[in-house]
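*Asks:* How does the following fold in three dimensions:
(one chain, ligands or ions: 2)
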Amino acid sequence: MANKITFIGAGNMASAIIGGLIDSGVEPSTLTATAPKESELAAIKQRLGINTDTDNNAAVADADVVVLAVKPQIMRTVCEALRDSVQRQHPLIISIAAGLDADTIDQWLGGQNAMVRCMPNTPSLVGYGASGLYANAKVSDAQRDVATQLMEAVGIVEWVEEEALLDAVTAVSGSAPAYFFLMFEAMEEAAVKLGLPAATARRLAIQTALGAATMAQQSDKDPATLKQNVMSPGGTTERAIQHMEEAQLRTTIADAMQACADRAQAMAKELSGK
Ligand SMILES: NC(=O)C1=CN([C@@H]2O[C@H](COP(=O)(O)OP(=O)(O)OC[C@H]3O[C@@H](n4cnc5c(N)ncnc54)[C@H](O)[C@@H]3O)[C@@H](O)[C@H]2O)C=CC1
Ligand SMILES: O=C(O)[C@@H]1CCC=N1
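*Replies:* Ligands and ions are numbered 1, 2, ... in the order given. Here you go, the predicted structure:
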């Protein structure tokens, strides 16, 4: 793993990755996170024992890897203010921002940077992250390995060779924890209507999702076969699945994922001015 990693931004996604890294054995003293407010940093410092700084330039001064973990809308301001420090140090830059392309961020940082774009997701916090990664031409094999190691510490890593595919990764994994949380909400509400206490319904729904995901991961059967195995002919599951198919659930999911990828592209256009 790289010697020193600095996270610019200490919000939901940065804390999820940092928490996962520490759980995987990374020494907290090698990690630094920044944010404008000392109050936000005090909480993360106390919880995770990492270094913190309100000064982005000071925090990247001796970093081998800089992870850009601020909202896309403020990325330009943050990068332009970091330009001189980055040009002096030339660390590996990893951006986790949705949409924004590597070339745009590289230009904001003064150009000629080794840039990895990463689309992670929040389950990184519990070691079950799923990240898509793309590297620009400046990234060496050794730096690719560093990025792989960093994100594998918190889950699985899939490299894509075409940058545009990161929008598809955003749709299938970056944003997708929210789809499953929506499913939990809906199942709990429906189970309460069927008479179960909310807490019981929530536990059963979550455990079932965990079981289904684990089975799908471990089985040599595809999801369609595993689904079929639950559906006794003329039984209860068949009725439920028939209802979902008639209600066009697949189309809803496809449309939602297309909207997600479209939004990533639109954000990139809006924010890069291209
Ligand atoms: N939340 C998620 O599930 C995912 C988020 N992302 C990407 O991660 C990035 C961060 O998202 P979240 O963590 O959800 O946002 P967040 O709002 O939780 O965190 C943003 C952080 O940036 C800090 N910040 C604001 N201005 C700053 C500045 N000038 N210098 C340094 N830090 C500054 C904030 O104090 C905060 O700690 C976004 O670009 C988003 O597209 C990517 C994948 C998943
Ligand atoms: O909703 C968003 O824009 C970010 C990117 C992927 C997940 N959260």
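*Asks:* Count the residues that sit near E40.
*Replies:* 18 (other CB atoms under 10 Å). Heads up, the C-betas are built off the backbone N, CA and C, glycines and all.
*Asks:* Can you tell me, leaving aside adjacent residues, what's nearest to L21?
*Replies:* Of all residues not flanking L21 in the chain, A153 sits nearest, at 5.1 Å (CB to CB, 6 or more residues apart in numbering).
*Asks:* For that neighbour, grab phi and psi.
*Replies:* phi -60, psi -20 (degrees, to the nearest 10).
*Asks:* Now do the contacts for it.
*Replies:* Applying CB atoms under 8 Å, 6 or more residues apart in numbering, we find A153 in contact with 1, 20-21, 24, 26.
*Asks:* Can you tell me what sits against the host helix or strand of E238?
*Replies:* Applying DSSP states H and E as the criterion places E238 in helix 236-246. Helix 236-246 is contacted by residues 227, 230-232 when judged by CB under 8 Å, 6+ apart.
*Asks:* My read is that Q143 contacts P91, right?
*Replies:* No - if you go by CB atoms under 8 Å, Q143 and P91 don't touch, sitting 9.6 Å apart.
*Asks:* I'd like the contacts of helix 236-246 written out as a markdown table, with secondary structure and distance to L41 added.
*Replies:* Formatted as a markdown table, the contacts of helix 236-246 follow (DSSP: H, G, I helix; E, B strand; the rest coil; distance: CB to CB, whole Å):
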| residue | secondary structure | distance to L41 |
| --- | --- | --- |
| K227 | helix | 46 |
| V230 | helix | 48 |
| M231 | coil | 51 |
| S232 | coil | 55 |
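*Asks:* Out of those, which comes closest to ligand 1?
*Replies:* K227 (27.5 Å; CB to the nearest ligand atom).
*Asks:* tell me which residues of the helix or strand hosting A58 are tucked away?
*Replies:* A58 belongs to helix 56-60 when assigned by DSSP H and E. Neighbour counts over helix 56-60 (16 or more other CB atoms under 10 Å) mark 56, 59-60 as buried.
*Asks:* of those, list those near ligand 2.
*Replies:* Among the buried residues of helix 56-60, no residue sits close to ligand 2 (CB under 6 Å from any ligand atom).
*Asks:* Thanks a lot, catch you later.
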